[in-house]
Structure formats: C-alpha cells, structure tokens
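Chemist: With the input below, show me the fold.
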Amino acid sequence: MIITTSGTHTLTADVVATSGNAITIEANDVVLNLNGFTVRMQSPTPASAVNFGIYAVERQRVTIKNGAVTGAFFGIHAGYGQQITL
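Modeler: I've put the predicted structure just below:
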C-alpha cells in the first residue's frame, strides 16, 4: 500500500505483506488510522531481511494511530522526519 496524498487514510482490514514495506507514506500531512487493524509482515524469516511495516522517511506532520505493527525487521521507520506522532 502506497499513500501518495495528504489527508486521513483509514484501514478497513489488516495489511499483510511478504517483502519490502507493508505501507509506504510518500506524502506530508497524513493521518494513518489503523482503525484497530494490524500491519503485518509475513516473511519466512523476518529478521534476515530488512523490511518495514510502515515506511515514512523524510515526511512531515504524519500521525499513525489506533493499531499494531508486527513481524517486520523495523516496525515504523520515520527517520529524518518532522512532527511524527505515534
């Protein structure tokens, strides 16, 4: 799942990925409401490959709330960002 527009984005189901990033945020001013759902990496050996549950590098004013991230080497990567709220 790739988020490319500002605004509120609300999950309606779990997000499951097997490689790379489960969710990538490519916009600023984003609220990601997990809505009680889980972002899950289901790779055979999650610790042997670098993957991200939510990738939001160099973003500004991003909020991630109301859910869980599991199974990823890095749960949430928001490096070099500003005003990141979890």
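
Chemist: what sits against the most centrally placed residue in the chain?
Modeler: The centre of the chain sits closest to I54, judged by Cα atoms, centre = their mean, with a distance of 2.0 Å. Going by Cβ atoms under 8 Å, 6 or more residues apart in numbering, I54 touches 21-25, 32, 39, 64, 69, 75-78. Where C-beta positions appear, they are placed from N, C-alpha and C, glycine not excepted.

Chemist: can I get these in TSV with pLDDT?
Modeler: Shown next, in TSV, are the contacts of I54 (pLDDT from 0 to 100):
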residue	pLDDT
N21	91
A22	94
I23	97
T24	97
I25	98
L32	98
V39	96
I64	98
V69	95
G75	92
I76	95
H77	95
A78	95
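
Chemist: how close does N51 sit to G71?
Modeler: Per Cβ to Cβ, to the nearest Å, N51 is found 9 Å from G71.

Chemist: list the contacts for A56?
Modeler: Here A56 is in contact with 24-25, 30, 62, 64, 76-78, 81, 84 (Cβ under 8 Å, 6+ apart).

Chemist: residues near T4, how many?
Modeler: 9 (other Cβ atoms under 10 Å).

Chemist: pretty sure it is in contact with I23, am I right?
Modeler: No. Using Cβ atoms under 8 Å, T4 is not in contact with I23; the gap is 11.8 Å.

Chemist: And T5, how close does it get to V16?
Modeler: Going from T5 to V16 by Cβ to Cβ gives 23 Å.

Chemist: Pick out whichever of the two has more residues nearby.
Modeler: Taking neighbours as other Cβ under 10 Å, T5 and V16 compare with V16 leading, 12 against 9.

Chemist: Kindly confirm my reading that the more buried one is in a strand.
Modeler: Yes. V16: assigned to a strand according to DSSP: H, G, I helix; E, B strand; the rest coil.

Chemist: what's the closest non-adjacent residue to it?
Modeler: When the adjacent residues along the chain are set aside, V16 lies closest to R40, with 4.9 Å between them (Cβ to Cβ, 6 or more residues apart in numbering).
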